[in-house]
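Peer 1: sequence below, structure please.
(one chain, ligands or ions: 2)
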Amino acid sequence: MAALVNFVKSKIRGRHDHRCLVLGIDSAGKTTFLYKCVLPEITVTTIPTIGLNVEILKFKDSDICFWDVGGCDKIRPLVRHYFSSGMALLFILNIHDERLLEAMDELRYQVSIAAADFDLGFVGIMLNKQDLPNTTPELRQKCREQVENAMSNCRVKWRIFDSEGLSALTGVGVEEVVQGIYDGLRGWVPDPAVKAVDKPDAPPPDVIPTREDLVHKAQSVQESKRILYRYPETFLDNMRNGKLETWDHCDHLFAASIILHKVLEDPSKTTTPQQPVFVAVEIFLENLLSMLREAPGKFRNTAHQTLTTFWVHQVYLAMHRFQEPPQDSYFSNFPARFFKMLKENPDLMNGRLWQDYYSKDYLFSPKAKDNLVTPDIQHLPSFDPKAPSPQAAGYDYKKLGEDRTSRRLKRWAYATLQTVKATNARRGLVVKNALSELQRDTIRQRAKDPTLEPYSETQAYFWVQIVHAGIEGILKKNPTFEFARASYDTVEVLYPDAFGADDLWKEYYLESDWKGLAGRVNFIPPKKGKVIPNFTPILTLEKDWRLAVSDVHVPTLEELAQRANYISSYEPKQEEPATESKTPDPKPMDVNTGHFRDEDDDDDWIDIREVTEKTSDVKISEPEEPSTEPGSPQTWQDQAELIHQIFNKLPKVQSRINHSFISRIAYDQVNTPWSRIPQRKQKSKLSTQLTKKAFWVRMIVEAYIDTYGVSNGSGVEINLQHFLSKNLELCWEDLWMVYYNELTWKSVTANEVILGCDRKQLKSVRGWKE
Ligand SMILES: Nc1nc2c(ncn2[C@@H]2O[C@H](COP(=O)(O)OP(=O)(O)OP(=O)(O)O)[C@@H](O)[C@H]2O)c(=O)[nH]1
Ligand SMILES: [Mg+2]
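Peer 2: Ligands and ions are numbered 1, 2, ... in the order given. Here you go, the predicted structure:
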């Protein structure tokens, strides 16, 4: 689906969208690389990335969106949240870093988890910092060997970038790296390293057969197979026992249709219109395996989960279209009915019908053989729910089209979640936008069709939860399922029970609540004791998210100065004294080589001499009417606790400020629970609060480096009062509003993942102006 959307967009805009995640351990040069790409003419000075930087590079006919994720070890487990199908990974290695093995473990780990869950487009490994004087051919060779070793089991397309002098800082070789990523991504096909393991069961002409050809084929099998198919039960027995003389495409279809008929005869086995397919596939594969066991080497087939499901589904659709009412002696005229159905659905005789839905490489990959995978070209056809046949017997159509509103909302919820998946970092926003779009759409549609039920926040939100839970359920059963690419129809065909029956809401809501006015306007919780399933916190908004969108009081500079005084003289509540970090200070590390050195006050400064800008260029506007109530003391106190907690960990001696040290301190803060910071309104489950913590740590660290990292002098007093007086905006507890949409910030997702800013970007570089 995403690939298709990308394709369509590229056709319209003439451009392609790609994503590249830039990884590597801290101080490898990721941010330097990113800004050398997007701002080649400017020399930027980086500070450790807390969270991420996102930039789009226009390269040839593509827009490559680079995601630079902070490389500190504390943050690495979170990187998986930023993976998506079809993307490239660029792993940057500082060849002078003595942590080469750690870097290789990281490379191996990230590639393996990304490749397990997503079709990675390409992996590039950049041997960086070759501008440094001690770069030797031996060192480069050693790094290359280590990379080759780490990537030896990787089945994704990969390449080492190692041109002489390659350096993110000087820019030498950077364009070649971008070109390499572009080439790697443009040639992307799903799971490209996978070899075909099975031959298609109907080898065939590359020419597309015409309908006449196929009808003719159907006629000729009728002549050749009439005797063989006379007794369907016997045919099936012979199949199971390996006694059939041959096993060809038509035999597949016939066996599938017998099995389907048997399944349909017993409606107790199936509850939804699509379920017979799954039951039949299971029986079919059992029979096939038994046949191969009984007659080893006689037939060239193997069991193929996706292909079998595809064909059983096709036969089922053909039977449905054929719709001849069953007669008493069901199997007595079965072969004749089968041939008639073939003639009316001659496409079935096209052994390569799957080509309309699956690419060959994808279908004949081991993944598709052992698991049911969704099509990568277009979704499987399903029934037209508006035209259920009253004649068709043996199964129940009632469920389809029963509750039009629920069906519409399920589709809407599914599309919304797909968008969330595709846009990754803006879940709260996407859901919010989708809700208002749905509301508008409902109003428009109701103008045309008054029988359509009105928009209901409760219903929309309920189905988002259920559909999300359904997707998680599918992923649990089948981790290879790529829902970003599968249409709603495909999911319904393949996983008929995933999203529950249309009237599932009855389990959770009284009809009066479900359809009532209150539920339309606001989300109302389900019946007492009922919890809407919600398997993972991703995509979930706080229940009271509507309340979250509140009026904002923007403090004046005077108010901020007042708060700064309050905060600097504030005594933190709990036992932990407000002194410098008690954690053993790591040895300072050379930011260029990555080597830890003994303390040396003179030369291990982070190189931020050209700082020209304040951390945040946020302009705090005066409120239209000066507020008489500048914020409750409670919020001041919360902010004081927060600032003390972070500021106190930062070194008070300038010579300790170096890249690695700062990034570790920062991520220690992001990683540990903020016990001292009251979590008003937001209790227990928010112990992680990742976005919030990353944001404040980043704000304070960046302000700190900007304020104190510039000067070489030793006379500057680093104390909180001085620090806050230079960075008043930090005293505003709602500063995040400048950077984040409120729904994003307050979503549950923001607790679990460090979300990127969606209002105003933060950049971990200095020396440029927006
Ligand atoms: N000599 C040299 N220094 C480099 C090169 N690339 C980056 N650096 C320096 O290495 C230090 C770290 O670079 P960053 O780009 O901030 O590193 P990072 O990988 O983004 O680090 P995190 O954000 O902590 O993950 C900075 O001082 C850069 O100037 C390079 O190619 N050559
Ligand atoms: Mg960085």
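
Peer 1: per-residue pLDDT, residue 60?
Peer 2: pLDDT for residue 60: 84.

Peer 1: can you pull out the strands in the protein?
Peer 2: 16-23, 45-46, 52-59, 62-69, 88-94, 122-128, 158-161, 765-766 (DSSP state E).

Peer 1: could these go into TSV alongside mean neighbour count and distance to ligand 1?
Peer 2: Where C-beta positions appear, they are placed from N, C-alpha and C, glycine not excepted. Listed next are the strands of the chain as TSV, based on neighbours: other Cβ atoms under 10 Å; distance: least, Cβ to the nearest ligand atom, whole Å:
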stretch	mean neighbour count	distance to ligand 1
strand 16-23	23	8
strand 45-46	24	3
strand 52-59	18	8
strand 62-69	22	6
strand 88-94	27	6
strand 122-128	27	5
strand 158-161	19	12
strand 765-766	22	8
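
Peer 1: reformat those as CSV; add distance to ligand 2.
Peer 2: As requested, the strands of the chain are arranged in CSV below (distance: least, Cβ to the ion, whole Å):
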stretch, distance to ligand 2
strand 16-23, 9
strand 45-46, 6
strand 52-59, 7
strand 62-69, 6
strand 88-94, 10
strand 122-128, 12
strand 158-161, 18
strand 765-766, 9
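
Peer 1: dump those strands into TSV; add distance to residue 459 as well.
Peer 2: Putting the strands of the chain into TSV (distance: least, Cβ to Cβ, whole Å) gives the following:
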stretch	distance to residue 459
strand 16-23	33
strand 45-46	48
strand 52-59	34
strand 62-69	34
strand 88-94	40
strand 122-128	42
strand 158-161	47
strand 765-766	46
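
Peer 1: which one of the ones you listed lies nearest to residue 454?
Peer 2: Residue 454 sits nearest to strand 16-23 of all the strands of the chain, at 36.4 Å, using Cβ to Cβ.

Peer 1: low-confidence stretches in the stretch 401-550 of the chain?
Peer 2: Applying pLDDT under 70 to the stretch 401-550 of the chain flags residues 401-402, 422-430, 448, 528-550.

Peer 1: what does it have sitting close to ligand 1?
Peer 2: Remark: no part of the stretch 401-550 of the chain is in contact with ligand 1, using Cβ under 6 Å from any ligand atom.

Peer 1: please report how far residue 470 lies from ligand 1.
Peer 2: 37 Å (Cβ to the nearest ligand atom, to the nearest Å).

Peer 1: and what of residue 183?
Peer 2: Using Cβ to the nearest ligand atom, residue 183 is found at 22 Å from ligand 1.

Peer 1: number of nearby residues for that residue?
Peer 2: Close neighbours of residue 183, defined as other Cβ atoms under 10 Å, add up to 13.

Peer 1: how about residue 360?
Peer 2: 13.

Peer 1: go on, the one 3 residues further on?
Peer 2: Applying the criterion other Cβ under 10 Å, we find 24 residues in the vicinity of residue 363.

Peer 1: contacts for stretch 232-243, please.
Peer 2: 228-229, 244, 247, 251, 254-255, 258-259, 287-288, 290-295, 298-299, 331, 334-335 (Cβ atoms under 8 Å, 6 or more residues apart in numbering).
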